[in-house]
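**Student:** return a 3D structure for these sequence lines:
(chains A and B)
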Amino acid sequence: MTGVRVPEHTRLVLDNGATLILIPRRDVPLVACHAVMRGGALTDPQGLPGVASLVAGLLEKGAGARDAYEFADAVEGVGGAFGAGAGAETLTIRAQFLSRDQSLMLELLADALRSPRLAPEEFEHLRERQIELIKAAKDSEPAELIDAYGRALLFGSHPYGRPVFGSEASLATIDPAHARNSYHDHFGADRLILVLAGDLDLTGIETAARAAFGDWSRAPGRLRPLERPAAAGRRILLVDSPGATQTHFWIGSIGVDKRYRRHAALDLVNTLFGGRFTSILNAELRIKSGLSYGARSGFVRGSVPGEFAIRTFVQADKTGLGVGMVLSALTLLTREGVSADMLDSARAYTLGQYALGLETATDWAAALAEIELYGLGTGYIDEYAAELAAVDPAAARDVIAEAFPRAESASIVAIGDAANVRGQLEEFGPVIEMPLTDPHFLPRVTGDEATTRGG
Amino acid sequence: MRRRALVDRPPAARAPALAGRESVRATTLANGLRVIVWPVHHIPNVALNLWVRAGSRNEAPGITGLAHFFEHMMFNGTVRRHPGEFDRLMEAQGGANNAFTSDDVTVYQDWFPSHALELVLDLESDRVANLAFAPELIESERGVVTSERRLRVEDNNHGLLAEQVQAAAFLAHPYRFPTIGWPEDIQSWRIEDLQAFYRTYYAPNNLTLTLAGDFDPERALALVRRYFEPIAAQSPPAPIETREPEQIAERRVLIRRKVQTPLLQCAYKAPAAADSRAAAMELLMSVLVEGDASRLHRSLVEDQRLAIEVGGHWQEGFDPGLLWLSLTLPEEAAPEEVLGALDRELTDLAREGVTETELARARNLAVVGFWKKLATIDGKAHLLGEYEVFHEGWARLFEAPARLAEVSRAQLRAVAAEILDRRRRTVGMLIQEESGSASA
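**Tutor:** Prediction:
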């Protein structure tokens, strides 16, 4: 139906626990790597968000026989790309090279994972630069930070509440020993899912991968399973950006996890609510009213429930109007559900777009890494079309009850000119406030990413 | 501070055989519509691009932003279909769409399952032939565009500075207009302005249609003929003949705002897309700003720590445009000092040229970038359009790796020396407003 099935691939688990997946594909002379280390920001010490993110940055700043410059020269000299980043519960390296350079790609990957130099001067530069980049985002792209504010508000002291990239405050106190300890405790073969895809020399690359990772020991640190986050009811945070002509706002709640059994129905309902151009949200805020350039919603699903969030922006004077429209749309969704006709359209759309997200070797490498990480099984992709076909209005109603918030319990973050916006937000509940220049993502008085939520 | 590390010279990328050219079909309909199709079958989908040779270059004072506004209006109904039908029908058949406007072109893009090909061609031809201009929708869409302008310009320091720099860089040429339009113009253009623009530029003889994906080329071409051939050709648009006078001295823009991180932008006069130096220009940009091993990143971000980010692009269009360098500076930075350091790097490049290692790196990055685009139907549809419109025909696309391989160090140095000329640049700085002052 979708024409999308998981391609032929090889999956191996080495004796030390490392998982290796190989996906051959010969359309273009490129190879891709998607290496996932379990842990990521989950391993950040209490009160120090940003450590895993700095470790990720350091992996390509000198490893094995190469210093930082030699490493970048080796990657880019052959036209390659190599980048590492932390997520809420993973640290991921993505790389892409010409197929003739696949041995080099593997060598650089093994060096970065197994023998990074973690040089103090590189650490210091990364840390300082990360602080400046947060300031730069506050100057020009505050919407890039709204998720960090939203998660801090929603998840409190739960690890999902931490800003993965750190805050200006936490970054200021992280030192090179934190990075070294984090690396030594949380890197090891049992944390690794390595997917190689593209125009591979299958035999050669498997041998090379076994040689590169077969004798790697397990990570000494313990990775505790996450607790399910608990909902705390509506809270409203206003981040003051004096003089801003528009307000970015985020309305969110705790959603569902990656293994949520009704994920096909979830995709369809979100497509209808805020996942495509003609969605309910975009119709209200853009198409009918011209209030905003766009409004979207989506779920972040991890090993435990992440957030459901709606993001949009409106002219400062229209903040209350915009928030009210979004909440009304949520109320209507929870009260009326969606019709069979709407589901048919969403189904056609979701199916029609599905293959476009699984087109390249890079796409497949990421998809199979995710399936492995969360233990989803290849049926997650192979059975998707059949699952979509089975969704009816009753299943959609169940999903709305289980995964979408009631309007009155959704939390709100707004980044805008407080003098103008404060009164408009107060009609939705008590408002807590902080300046955009505050180095945290939640006011200290009510707790922050570093301390437990008050009460 | 460390200097650029010189490693063993990596081998230049051997261009693999460029499969695909033989399967591309191109034709021109009787009404002048150019059609190029590339069947590939790895996913059951199709990507469509409709390139319109109209951008902010085709505007005039009072109607700036019209080309971009048009991009929005093309989704708002035809005489055959109500507002919203375009998206509703396309999404119900599994398709998604978008569009973008530049100084030179407006491009409409659709991505859809193969079975929706006929519907999509019907929808696209309908809005080219029969667009409606409902007054209430024009007003609502002004609000959407104003919101987009606040997002990209008024509340975005990079956008705000770039708009001012571009306006200062050109005296005569319409490249001085911001593509999104000046705020007063967005509020004041009339239905007649829209109708005239539509008649002139949305004529089949001013369009290029490209398709890449899972279809039979004969059937696809037959469907294109069925839906587009009835649309009448129009007199070709009047050519844009304005030539920007030679820039004789550096120009400066200084904006003071409440910011933590200052910005520095330099825009140098640069050649048009079809210029014979295009491949050298592409490699020059790569040497300067692509990747952590690029000259400016290594020198200004890593070695001297004067900037936290360095970027740049060559604005390649029908007429000579700009080469942009953009730097985000750390708090407390002195932009003049950073400009001095940037100038030392650029002078060095213009005088000494690039190393073989740098040239090989730039070529290899370009070749990988080329293959990455060719790995998707979206990339294929886009490249066909881009080469057809800007680079003397779609077939030139398949020569891209060979052209990159031919660029010599001497050519690169010559281009650097000619383009990176301080007299022919506009410098923009956005800095912290002085305490106590209300505005600049």
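
**Student:** going by C-alpha atoms from here, please, whenever you check contacts or count neighbours.
**Tutor:** Noted.

**Student:** need the nearest residue in space to the closest residue to chain B within the stretch 301-450 of chain A, chain neighbours excluded.
**Tutor:** Closest approach between the stretch 301-450 of chain A and chain B, counting by Cα to the nearest Cα: residue A:349, at 3.6 Å. What sits nearest to residue A:349 in space, not counting adjacent residues and going by Cα to Cα, 6 or more residues apart in numbering or on different chains, is residue B:94, at 3.6 Å.

**Student:** next, count neighbours for that neighbour.
**Tutor:** 24 (other Cα atoms under 10 Å in any protein chain shown).

**Student:** before we move on, the earlier item: could you measure from the residue of the stretch 301-450 of chain A closest to chain B over to residue A:301?
**Tutor:** To residue A:301, residue A:349 is 21 Å away according to Cα to Cα, to the nearest Å.

**Student:** those two - which one has more neighbours?
**Tutor:** Neighbours were counted for residue A:349 and for residue A:301 using other Cα under 10 Å; residue A:349 has more, 24 against 17.

**Student:** pLDDT weak spots in the chain?
**Tutor:** Just so you know, I chose chain A. A:1-3, A:445-455 (pLDDT under 70).

**Student:** wait, chain B
**Tutor:** Across chain B (using pLDDT under 70), the flagged ranges come out as B:1-19, B:435-440.

**Student:** care to break it down by domain?
**Tutor:** B:21-228, B:251-432 (automatic domain parsing).

**Student:** tell me which of those domains sits nearest to residue A:109.
**Tutor:** Nearest to residue A:109, of all those, is domain B:251-432, at 17.0 Å by Cα to Cα.

**Student:** coming back round to it: ok, the residue nearest to residue A:349 - contacts?
**Tutor:** For residue B:94, the contacting residues are A:345, A:347-353, B:112-113, B:116, by Cα atoms under 8 Å, 6 or more residues apart in numbering or on different chains.

**Student:** same thing with residue B:381?
**Tutor:** Contacts of residue B:381 by Cα under 8 Å, 6+ apart are B:38, B:47-49, B:210-212.

**Student:** quick one: which two of these are the most distant?
**Tutor:** B:38 and B:49 (11.9 Å).

**Student:** what touches both of those two?
**Tutor:** B:210-211, B:381.

**Student:** could I get these as a markdown table with secondary structure?
**Tutor:** A markdown table is the format used below for the shared contacts of residue B:38 and residue B:49 (DSSP: H, G, I helix; E, B strand; the rest coil):
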| residue | secondary structure |
| --- | --- |
| B:210 | strand |
| B:211 | strand |
| B:381 | helix |
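
**Student:** now do the SS call for residue A:338.
**Tutor:** Here residue A:338 is recorded as coil under three-state DSSP.

**Student:** ok, the closest residue to it other than its chain neighbours - contacts?
**Tutor:** Nearest non-adjacent residue to residue A:338, counting by Cα to Cα, 6+ apart: residue A:393, 6.2 Å away. Counting by Cα under 8 Å, 6+ apart, residue A:393 makes contact with A:337-340, A:343.

**Student:** between these, which has the most around it?
**Tutor:** Greatest neighbour count in the contacts of residue A:393, by other Cα under 10 Å, goes to residue A:343: 23 neighbours.

**Student:** may I ask which helix or strand encompasses residue A:124?
**Tutor:** Residue A:124 is part of helix A:120-140 when elements are defined by DSSP states H and E.

**Student:** buried residues, the helix or strand following that helix. List them.
**Tutor:** Sequence order places helix A:146-155 as the next helix or strand after helix A:120-140, per DSSP H and E. By neighbour count on 16 or more other Cα atoms under 10 Å in any protein chain shown, the buried set for helix A:146-155 is A:146-155.

**Student:** would you mark the buried spots in stretch A:105-121?
**Tutor:** Residues of stretch A:105-121 classed as buried: A:105-106, A:108-114, A:116-119 (neighbour count, 16+ other Cα under 10 Å).

**Student:** which ones among the residues you listed also lie next to chain B?
**Tutor:** For chain B, no contacts are drawn from those by Cα under 8 Å from any Cα of the partner chain.

**Student:** any chance of these in CSV, plus distance to residue B:390 and secondary structure?
**Tutor:** CSV is the format used below for the buried residues of stretch A:105-121 (distance: Cα to Cα, whole Å; DSSP: H, G, I helix; E, B strand; the rest coil):
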residue, distance to residue B:390, secondary structure
A:105, 35, helix
A:106, 39, helix
A:108, 38, helix
A:109, 39, helix
A:110, 43, helix
A:111, 43, helix
A:112, 41, helix
A:113, 44, helix
A:114, 47, helix
A:116, 45, strand
A:117, 46, coil
A:118, 46, coil
A:119, 47, coil
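
**Student:** closest one of those residues to residue A:224?
**Tutor:** residue A:113 (21.5 Å).

**Student:** taking the stretch 1-150 of chain A, what residue is nearest to chain B?
**Tutor:** Counting by Cα to the nearest Cα, the stretch 1-150 of chain A gets nearest chain B through residue A:79, at 3.8 Å.

**Student:** could you find the closest non-adjacent residue to that residue?
**Tutor:** Using Cα to Cα, 6+ apart, the nearest residue to residue A:79 is residue B:365, at 3.8 Å.

**Student:** sec struct for the one you found, please.
**Tutor:** helix.

**Student:** coming back round to it: just how off-centre is the helix or strand harbouring the residue of the stretch 301-450 of chain A closest to chain B within its chain?
**Tutor:** Counting by DSSP H and E, the element that carries residue A:349 is helix A:340-354. Computed by Cα atoms, centre = their mean, to the nearest Å, the separation of helix A:340-354 from the middle of its chain amounts to 25 Å.

**Student:** what do you get for stretch A:413-420?
**Tutor:** The mean C-alpha position of stretch A:413-420 is separated from the chain mean by 25 Å, Cα atoms, centre = their mean.

**Student:** buried ones in that stretch?
**Tutor:** For stretch A:413-420, by 16+ other Cα under 10 Å, it's A:413-418, A:420.

**Student:** close to chain B, is it?
**Tutor:** No - Stretch A:413-420 stays clear of chain B (Cα under 8 Å from any Cα), getting no nearer than 10.5 Å.

**Student:** ok, the residue in the stretch 251-400 of chain B positioned nearest to chain A - contacts?
**Tutor:** Residue nearest to chain A within the stretch 251-400 of chain B: residue B:365 (3.8 Å; Cα to the nearest Cα). For residue B:365, the contacting residues are A:76-80, B:286, by Cα under 8 Å, 6+ apart.
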